[in-house]
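# sequence and predicted structure below; questions after.
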Amino acid sequence: MAKHTITLIPGDGIGPEIIAATVRIIEATGVDIEWETQILGAQAQEKYGTTLPESTIESIKRNKVALKGPQMTPGRQGVHFGECRPSQGS
């Protein structure tokens, strides 16, 4: 069976804990996976000066699949990316 490479974005807050448990579950299936860890959001802003680094985009494009944990929106404490709805003004 071929090895699969998956982009792994742990997130922040509870994200790393959720992703660690998810990775253990996926690995228990026996599928051969190589995890390529990337960052985005506040961590990326601090390290790269942008919330969405080109290296993260390139990793997702190359691997065609990513597993992303919960991520806080920089500057909007308590609001997750998935909860931001521009059409609702939030």
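Thanks, I have the structure now. Numbers count the residues shown, from 1 in each chain.
# let me see the contact set for the nearest residue to L52 once chain neighbours are set aside.
Nearest non-adjacent residue to L52, counting by CB to CB, 6 or more residues apart in numbering: L40, 5.5 Å away. (C-beta placed from N, C-alpha, C; glycine too.) Shown in contact with L40 (CB atoms under 8 Å, 6 or more residues apart in numbering): 9, 51-53, 56, 71.
# farthest-separated two in those residues?
Between any two of the contacts of L40, the greatest separation by CB to CB is 13.4 Å, found for P53 and Q71.
# comparing those two, which residue is more hemmed in?
Q71 (22 against 18; other CB atoms under 10 Å).
# tell me the pLDDT of that one.
Per-residue pLDDT puts Q71 at 86.
# likewise for T51?
Confidence score, pLDDT, at T51: 91.
# please begin residue numbering at 481 from this point
Right, with 481 as the first residue, what we last looked at is T531.
# now it: which helix or strand?
Assigned by DSSP states H and E, T531 belongs to no helix or strand.
# ok, now K541?
Judged by DSSP H and E, K541 forms part of helix 534-543.
# that helix packs against which elements?
Applying 3 or more CB pairs under 8 Å, 6 or more residues apart in numbering; DSSP states H and E, we find helix 534-543 packed against strand 484-489.
# quick one: low-confidence ranges for this structure?
Along the chain, segments meeting pLDDT under 70 span 481, 553-570.
# in it, which spans are helices?
495-507, 522-528, 534-543 (DSSP state H).
# before we move on, back to that, and the residue nearest to L532, how far from T487?
10 Å (CB to CB, to the nearest Å).
# overlap in contacts, the two.
T536.
# surely N543 meets T485?
Yes: between N543 and T485 a contact is recorded at 5.0 Å, counting by CB atoms under 8 Å.
# what touches both of those two?
E516.
# and K527, how close does it get to I494?
21 Å.
# same question for I519.
According to CB to CB, I519 and I494 sit 16 Å apart.
# so for these two, which residue has more residues nearby?
I519 (21 against 11).
# now, which of the contacts of L520 sits nearest I505?
I489 (17.0 Å).
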